[in-house]
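Peer 1: Take this sequence and fold it.
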Amino acid sequence: MSKFARTGAEEVHQAIARSLSGLGVDSLDGYLLHRFEDYRRDPKIWDDLKSAQGNGKIRKIGFSLYTEEELNYLRAKKLKFDLLQVPYSIFDQRFEKHFQQLHDEGVEIHTRSVFLQGLVFRKPEALDKYFDKVRAKISQLNELAAMSGRSVVDLCLSYVLSNKCLDRVVVGVDRLENLQEILAASQSLPLALDLRQRLSDLREDDEKIILPFNWGRP
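Peer 2: Residues are numbered from 1 along each chain as shown. Sure thing, here's the model as predicted:
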């Protein structure tokens, strides 16, 4: 799996060749357009990906998206893609209503930002004023963890894994202990329905909060 993000004059076929060489493989299982705006500005990128797929260099192609508007744009274009990677978490549930249809269409769905770049682990009282809108929800998440006897990692990961339409969940770690905790949480018992509903109620739609690249922007 790899991603393409246009830098300078580099073309898709050059980026694919670089990925293949770097990974030491002859073909990629999946390849994503990392920046949707690259496609919007130059739709030929998709033709290049289709060509690479036809040549056997890539098995599945698709997009890494951030907003529903981007998905709606692809729908309007009637574009057929194999893969989709989107953010999904207890707080960020924007794409959830699309999962069943995408799954039924045979799209492989990968999700990321399960822990919202660590925001879910921050102490509510220590949060910057910028996060005032979500401070109470983080407190509620901690209360639900204590009440259920499960960790915040467990709740966040179990919430996402409970969606049967998803194929992969992408997480990041910065030390071995993180990985061990995540692997343990992935084997946890399913969430009770009432607990899952209470976690769903923590939904936050403000993209200034749930899209980390917006943090700190006016």
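
Peer 1: got the buried residues for the helix ranked longest in the chain?
Peer 2: Once the chain is assigned using DSSP state H, the helix that runs over the most residues is helix 132-148. Within helix 132-148, the residues scored as buried using 16 or more other Cβ atoms under 10 Å are 134-135, 137-138, 141-142, 144-145, 148. To be clear about C-beta, it is placed using only N, CA and C from the backbone, and glycine gets the same treatment.

Peer 1: pLDDT (mean, whole number) over it?
Peer 2: Mean pLDDT, computed over helix 132-148, is 96.

Peer 1: quick one: low-confidence parts of the chain?
Peer 2: Where the chain drops to pLDDT under 70, the residues are 1, 5-10, 218.

Peer 1: Strands along that one, start to end?
Peer 2: Per DSSP state E, the chain carries strands over the ranges 2-4, 28-33, 58-64, 83-87, 108-112, 168-169.

Peer 1: could you dump those strands to JSON lines with distance to residue 217?
Peer 2: Formatted as JSON lines, these follow (distance: least, Cβ to Cβ, whole Å):
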{"stretch": "strand 2-4", "distance to residue 217": "24"}
{"stretch": "strand 28-33", "distance to residue 217": "24"}
{"stretch": "strand 58-64", "distance to residue 217": "20"}
{"stretch": "strand 83-87", "distance to residue 217": "17"}
{"stretch": "strand 108-112", "distance to residue 217": "20"}
{"stretch": "strand 168-169", "distance to residue 217": "27"}
